[in-house]
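*Asks:* Need a 3D model of the sequence below.
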Amino acid sequence: MTATPDTPPASDPAASGGATSTRWIWLAILAVVVVVGVLAFVLTRSDGSGSGGQSTSSGTVVPSGKVTVGTITVTGNPLADRPSTGADTAVGQPIPTITGETFDGSTVTIAPDDGPAVIMVVAHWCPHCQREVPFLQTWLNTNGQPEGVRLVAIATANTASRPNYPAGDWLVREKWTVPTMVDDENGDAAAALGVTGFPFFVAVDAQGRVVERASGELTAAQWESLITAARTGSAQPGA
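*Replies:* Numbering: from 1, shown residues only. Down below sits the predicted model:
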């Protein structure tokens with residue numbers, strides 16, 4: 001007499017069905033793991049092109065959005081244009097209050113009561129600005145936000161007919177971490193600071209008075225000198 005095996009042979013239908021069920025269970029588990037992984041990647045991925053910006057070690061990337069030309073309100077006396085030579089008559093004068101919006105429509109204000117600050121004015125089509133923005137961002141990535149000094153920028157001269165438009169997309173690509181106001185079509189924010197060239201910088205002391213203004217591409221030493229001028233309220237000799 002042939003002995004009956006304790007387990008069904010491979011050809012037994014019951015054994016075949018059990019193996020198939022187990023295989024489908026494992027395949028279902030694998031599919032769930034893959035879907036969860038893909039969702040986690042999508043939710044955490046940030047390449048700087050989405051609305052709302054992204055976080056970095058040194059701050060928040062300027063938010064993207066639909067604002068390409070802003071709305072500006074200026075309160076107080078505008079600064080005189082920066083002279084190309086001679087003494088700058090704006091030194092010692094309080095800056096006006098400038099209210100506008102960022103690229104996502106959030107309100108941003110530049111005011112005398114902000115304390116020590118360095119204001120940067122850039123234009124998307126300006127080749128000097130296109131070099132200075134990544135240069136300054138590299139400095140910020142290395143050194144962090146300057147202690148006790150607010151940094152704020154104005155994107156001005158926004159013109160669809162000129163290269164590198166819109167400014168918001170450009171600054172997101174550069175991973176720019178400085179809060180930025182979008183100037184209006186007349187350049188009222190820039191005009192209120194007496195801007196005469198790009199990029200343009202205004203160092204402001206704790207009382208909201210101009211300590212120093214500069215224009216053009218800065219070296220690291222010149223940039224650090226502006227920060228020190230804002231912090232101490234005194235222009236740095238030889239800067």
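*Asks:* And residue 198, how close does it get to residue 156?
*Replies:* Noted for residue 198: a distance of 8 Å to residue 156, by Cβ to Cβ, to the nearest Å. (C-beta placed from N, C-alpha, C; glycine too.)
*Asks:* Tell me the confidence at residue 27?
*Replies:* As predicted, residue 27 sits at a pLDDT of 53.
*Asks:* meant to ask about residue 236, not that
*Replies:* 76.
*Asks:* for this structure, what helix or strand is lowest in average pLDDT?
*Replies:* When the helices and strands of the chain are scored by mean pLDDT, DSSP states H and E, strand 55-56 comes last with a mean of 36.
*Asks:* picking that back up, now do the shared contacts for residue 198 and residue 156.
*Replies:* Common neighbours of residue 198 and residue 156 (criterion: Cβ atoms under 8 Å, 6 or more residues apart in numbering): 121-123.
*Asks:* Out of these, which sit inside strands?
*Replies:* Counted as lying in strands by DSSP state E, out of these, are 121-123.
*Asks:* Show me which of those residues is closest to residue 72.
*Replies:* Of all these, residue 121 has the smallest distance to residue 72: 12.6 Å, by Cβ to Cβ.
*Asks:* and the gap between the closest one and residue 201?
*Replies:* 8 Å.
*Asks:* which non-adjacent residue is nearest residue 180?
*Replies:* Of all residues not flanking residue 180 in the chain, residue 153 sits nearest, at 4.2 Å (Cβ to Cβ, 6 or more residues apart in numbering).
*Asks:* what about the one you found, is that helix, strand or coil?
*Replies:* Here residue 153 is strand, with the state taken from DSSP: H, G, I helix; E, B strand; the rest coil.
*Asks:* which residues touch it?
*Replies:* Residue 153 is in contact with 119-122, 176, 178-181, counting by Cβ under 8 Å, 6+ apart.
*Asks:* Generate JSON lines for those, with neighbour count, pLDDT and distance to residue 97 as supplementary columns.
*Replies:* As requested, the contacts of residue 153 are exported to JSON lines (neighbours: other Cβ atoms under 10 Å; pLDDT from 0 to 100; distance: Cβ to Cβ, whole Å):
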{"residue": "119", "neighbour count": "27", "pLDDT": "98", "distance to residue 97": "12"}
{"residue": "120", "neighbour count": "23", "pLDDT": "98", "distance to residue 97": "18"}
{"residue": "121", "neighbour count": "26", "pLDDT": "98", "distance to residue 97": "16"}
{"residue": "122", "neighbour count": "27", "pLDDT": "98", "distance to residue 97": "21"}
{"residue": "176", "neighbour count": "27", "pLDDT": "97", "distance to residue 97": "24"}
{"residue": "178", "neighbour count": "23", "pLDDT": "97", "distance to residue 97": "19"}
{"residue": "179", "neighbour count": "17", "pLDDT": "96", "distance to residue 97": "16"}
{"residue": "180", "neighbour count": "23", "pLDDT": "97", "distance to residue 97": "17"}
{"residue": "181", "neighbour count": "25", "pLDDT": "98", "distance to residue 97": "12"}
